[in-house]
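> Here is the input, now give the coordinates:
(one chain, ligands or ions: 1)
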Amino acid sequence: MSALIEVEDLTRSFTVRRRAGRFRRTTSTVRAVDGISFAVDRGEMVGYIGPNGAGKSTTVKMLTGILVPTSGRLSVAGVDPARSRTELTRRIGVVFGQRTTLWWDLPLRDSFDLLQRIYRTDPARHRANLAEFTELLELGDLLDTPVRQLSLGQRMRGDIAAALLHDPEILYLDEPTIGLDVVSKGRLRSFLRRVNEERSVTLLLTTHDLQDIEQLCSRVMVIDHGSLVYDGSLAGLHAQGSSQRTLVVDLVDEAPPIDVPGAVVRRVEGPRQWLSFPVEASAAPVVAAVAAAYDVADLSLQEPDIEDVIRTLYTG
Ligand SMILES: Nc1ncnc2c1ncn2[C@@H]1O[C@H](COP(=O)(O)OP(=O)(O)OP(=O)(O)O)[C@@H](O)[C@H]1O
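Residues are numbered from 1 along each chain as shown. Here you go, the predicted model:
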């Protein structure tokens, strides 16, 4: 095995017990990950997406050594994660958007100091990394604030710095932009791009935000019902399905379905109409054609979400 992450026919099953009547219980087996194979090279930024319950977290838990596979082969940075979990911990960083890995009551600075001792990072290296991340993530004014007093966006920046202070080779990010406003999302994404470019950190990102993938990942893997159903570029994923963007048009008055080239009316509700057009097309000509021919009160554009894109993989 030579890629940084190599996964071969990986499977993880869970036994689930359910009540069936007052005294009886039945057991069934859930194959959360069902024979997936892939390889990720050093420096890649890969999006790992799929609907709820598809098997994303289970895969990442196996890659980080938290869960032992039921079968299959797995190598991360040259080691078997479940067998060499302690060694691997020094070489990976993990960020969960939904919960913090920092100490709730401690100021950020103390959390970072504790991590330096836990990972036994060289003190000079730790100081240099901390100075760089403090500047890039604008953490300067926050270092003495207890984590519980930070806003979600501030806390997330702290979590990302914490995950990178020990110079990991791989960073796993689970919904890193969830709940953040547009500006914070943008800042976080450019920081991650920079970390990837300058430090060659390999990024594996699970997200429900298509823009995370668009702006960060050259490659996307789609998992559904435990199986890998797509592995390639985001453009290829859009092309394989038939992802649509939606233009929501509020007309001044009710009207018959709007008739403009390149877009199709999907729904009409009073003066509001929903027009869809392919995701790779520009919205500009559609907007111009609608504005030229109709009295428009308002317009808004909706991008497809990841669930929409995956759904079109099956429906075409
Ligand atoms: N510890 C467990 N015991 C039993 N079943 C589990 C366990 N962990 C996960 N599962 C089941 O395995 C399947 C995959 O779950 P997983 O958490 O990996 O999905 P996911 O893609 O991360 O979903 P989400 O986007 O909702 O986080 C689901 O059917 C889930 O109910």
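> my read: residue 226 touches residue 29, true?
No - contact criterion Cβ atoms under 8 Å: residue 226 and residue 29 do not qualify, at 11.6 Å. Yep, even glycine has a C-beta here, placed from its N, CA and C like the rest.
> Give me the more crowded residue out of the two.
A count of neighbours by other Cβ atoms under 10 Å puts residue 226 above the other of residue 226 and residue 29, at 22 against 10.
> count of residues packed around the closest residue to the more buried one other than its chain neighbours?
Spatial nearest neighbour of residue 226, excluding adjacent residues (Cβ to Cβ, 6 or more residues apart in numbering): residue 34 at 3.4 Å. Neighbourhood size, residue 34 [other Cβ under 10 Å]: 18.
> now do the one 4 residues further on
Residue 38: 18 surrounding residues under other Cβ under 10 Å.
> Phi and psi next, for it.
Taking degrees, to the nearest 10, you get phi -170, psi 170 for the backbone angles of residue 38.
> about what we covered before: can you confirm the residue nearest to residue 226 is in a strand?
Yes - under DSSP: H, G, I helix; E, B strand; the rest coil, residue 34 sits within a strand.
> What distance do you get for it to residue 66?
Applying Cβ to Cβ, to the nearest Å, the value for residue 34 to residue 66 is 19 Å.
> Distance check, the nearest residue to residue 212 once chain neighbours are set aside against residue 197.
Using Cβ to Cβ, 6+ apart and skipping residues adjacent in sequence, the residue nearest residue 212 is residue 177, 5.6 Å away. Separation of residue 177 from residue 197 (Cβ to Cβ): 19 Å.
> Tell me if I'm right that residue 114 and residue 107 touch.
No - with contact defined as Cβ under 8 Å, residue 114 and residue 107 do not form a contacting pair (11.0 Å).
> What pLDDT does the model give the residue nearest to residue 32 when sequence neighbours are not counted?
In this structure, residue 32 finds its nearest non-sequential neighbour in residue 58, 4.1 Å apart by Cβ to Cβ, 6+ apart. Here, the pLDDT recorded for residue 58 equals 95.
> is it true that residue 58 touches residue 31?
No - under the contact definition of Cβ under 8 Å, residue 58 does not touch residue 31, with a separation of 9.8 Å.
> Compare neighbour counts for these two and give me the winner.
Between residue 58 and residue 31, residue 58 has the larger neighbour count (other Cβ under 10 Å), namely 23 against 16.
> picking up where we left off before, please say which of residue 114 and residue 107 ends up with more neighbours.
Neighbours were counted for residue 114 and for residue 107 using other Cβ under 10 Å; residue 107 has more, 18 against 14.
> Please state the backbone phi and psi of the nearest residue to the more buried one once chain neighbours are set aside?
Leaving aside its chain neighbours, residue 107 sits nearest to residue 144 (4.9 Å; criterion: Cβ to Cβ, 6+ apart). Dihedral angles of residue 144 (phi, psi; degrees, to the nearest 10) stand at phi -100, psi 10.
> What's the separation between residue 144 and residue 150?
For residue 144, the distance to residue 150 - Cβ to Cβ - is 11 Å.
> touching the ligand at all, stretch 64-84?
No - Stretch 64-84 lies apart from the ligand when judged by Cβ under 6 Å from any ligand atom; the minimum separation is 8.2 Å.
> Could you do stretch 11-31 as well?
Yes - for stretch 11-31, a contact with the ligand is found by Cβ under 6 Å from any ligand atom, at 14, 16, 30.
> again, but for stretch 191-207
No - judged by Cβ under 6 Å from any ligand atom, stretch 191-207 makes no contact with the ligand; its nearest approach is 6.9 Å.
> ok, residue 84 - how many residues close by?
Per other Cβ under 10 Å, the neighbour tally for residue 84 reads 15.
> Start at 15, not 1
Understood, numbering begins at 15; the last thing we discussed is residue 98.
> Look up the closest residue to it, ignoring the ones flanking it.
In space, and not counting its chain neighbours, residue 98 is closest to residue 79: 7.3 Å by Cβ to Cβ, 6+ apart.
> so what pLDDT did that neighbour get?
Note on residue 79: pLDDT of 93.
> again, but for the one 3 residues further on
What the model reports as pLDDT for residue 82 is 96.
> Pretty sure it sits against residue 97.
No - contact criterion Cβ under 8 Å: residue 82 and residue 97 do not qualify, at 9.0 Å.
> More neighbours: those two, which one.
Applying other Cβ under 10 Å to residue 82 and residue 97 shows that residue 82 carries more neighbours, namely 14 against 11.
> if I pick the more buried one, what's in contact with it?
The contact partners of residue 82, by Cβ atoms under 8 Å, 6 or more residues apart in numbering, come to 76, 96.
> So it lies in a helix, does it not?
No - counting by three-state DSSP, residue 82 is located in no helix; its state is coil.
> returning to that earlier point: pick the one among the residues of stretch 25-45 next to the ligand closest to the ligand.
Set against the ligand, the nearest of the residues of stretch 25-45 next to the ligand by Cβ to the nearest ligand atom is residue 28 (3.4 Å).
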